[in-house]
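# Got a sequence here, can you build the structure:
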Amino acid sequence: MKLSSNIKGYGYASVSAITFGTIPLFSIPVMEAGMQLPSVLIYRFAFGCLFMIAVLLWRKQSLHISWGDGLRIMFLALMYAISAVCLFGSYEYMPGGVATTLLFSYPVWTEILLILFFHERLTLRISLAIVLATAGVFFLGGIGQTEGIKSSMGVILAMSSGLLYAIYMVIFPHMRVSKLPALKVNFYIFFMAMLLLILYSNFTTGGIDRISDGRSLLSLILLGLVPTTVSNVTLVRSLTLIDSASVAILGAFEPLTAMAIGITLMGEPLTITVVIGLILIISSVLILITKGRRLPNPLHFLCQ
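This is a model prediction of the structure:
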């Protein structure tokens with residue numbers, strides 16, 4: 001039973017990472033069309049809320065939460081909103097693929113937080129998985145790549161987003177709201193994040209921008225569905241089944257997805273460094289998903 005739960009947890013975490021990696025595909029075209037950062041995020045969460053409320057109503061699921069849970073969710077929404085602002089803000093200073101690579105600092109942040117505040121023991125297996133996954137991501141992004149980076153502010157924003165995302169992932173499993181239905185929790189996180197961003201936009205950009213054309217509308221709808229609704233519901237589900245460090249390391253699929261999109265849809269070349277990065281990431285995932293069990297026969301594991 002535990003093995004089955006672990007496999008489900010790894011599956012949910014992988015889906016979450018893969019769908020989260022599509023953020024640049026849907027957001028950058030809208031920002032290039034002239035929509036300002038706060039508005040893009042507001043529409044992202046607004047469409048995400050619409051998808052979730054539709055499912056909740058269809059399931060006839062109660063939306064009631066206590067005041068205490070509401071305050072806890074508000075804190076999570078604040079963490080998520082600031083992390084999103086930092087990530088999307090970094091797109092203005094560097095290519096989306098490089099920003100996604102730097103965002104992948106969060107597995108390291110996650111492990112540091114778990115060791116400092118939750119007394120988790122850093123094992124050799126977890127350390128090796130982190131090293132391989134991090135190295136793989138840097139190979140995907142191109143080691144030492146600086147082309148297209150306009151300012152060090154982009155690096156700071158992307159790394160800050162990774163830290164905040166790590167805080168979100170570490171504290172959520174230890175909060176009472178983690179026992180609530182995942183869809184309901186995510187709906188309230190997005191709704192509260194949207195309200196916070198509306199306030200932010202009023203103070204920074206003078207309000208919410210209008211959607212200028214049908215292409216931008218479609219991109220924003222998909223932004224609210226794929227890397228928002230699907231990604232975060234599966235993330236929350238995975239955090240209830242496996243540990244935060246494992247979920248974080250499986251996040252290596254995020255830059256891998258961004259790279260695959262770049263190669264297949266944007267004509268980016270498939271280089272030797274990309275191949276090396278892919279091998280390193282797959283190796284880290286295999287090490288991770290077999291932790292605590294004997295490694296010898298991966299086919300036996302896959303067939304269970």
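# who's in contact with residue 283?
With contacts defined as C-beta atoms under 8 Å, 6 or more residues apart in numbering, residue 283 is in contact with 132, 136. For the C-beta atoms, the positions are set from N, CA and C on the backbone; glycine is no exception.
# mind running it again at 6 Å?
The neighbours of residue 283, taking C-beta atoms under 6 Å, 6 or more residues apart in numbering as the test, are residue 132.
# same thing with residue 163?
So, once contact is read as C-beta under 6 Å, 6+ apart, residue 163 ends up touching residue 109.
# Pull out the buried residues from the helix or strand hosting it.
Counting by DSSP states H and E, the element that carries residue 163 is helix 152-171. Applying a neighbour-count criterion of 16 or more other C-beta atoms under 10 Å, one finds 154-155, 157-171 buried in helix 152-171.
# That helix: what's the following helix or strand?
helix 182-204.
# now for that next one, which elements pack on it?
Applying 3 or more C-beta pairs under 6 Å, 6 or more residues apart in numbering; DSSP states H and E, we find helix 182-204 packed against helix 37-58, helix 67-90, helix 231-239.
# As JSON lines, the ones you listed with distance to residue 135 and mean pLDDT would be great.
JSON lines is the format used below for the helices and strands packed on helix 182-204 (distance: least, C-beta to C-beta, whole Å; pLDDT from 0 to 100):
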{"stretch": "helix 37-58", "distance to residue 135": "31", "mean pLDDT": "93"}
{"stretch": "helix 67-90", "distance to residue 135": "21", "mean pLDDT": "91"}
{"stretch": "helix 231-239", "distance to residue 135": "24", "mean pLDDT": "87"}
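# coming back round to it: got the angle between the helix holding residue 163 and helix 67-90?
Here helix 152-171 runs at an angle of 150 degrees relative to helix 67-90 (axes from the mean of the first three to the mean of the last three C-alpha atoms, to 10 degrees).
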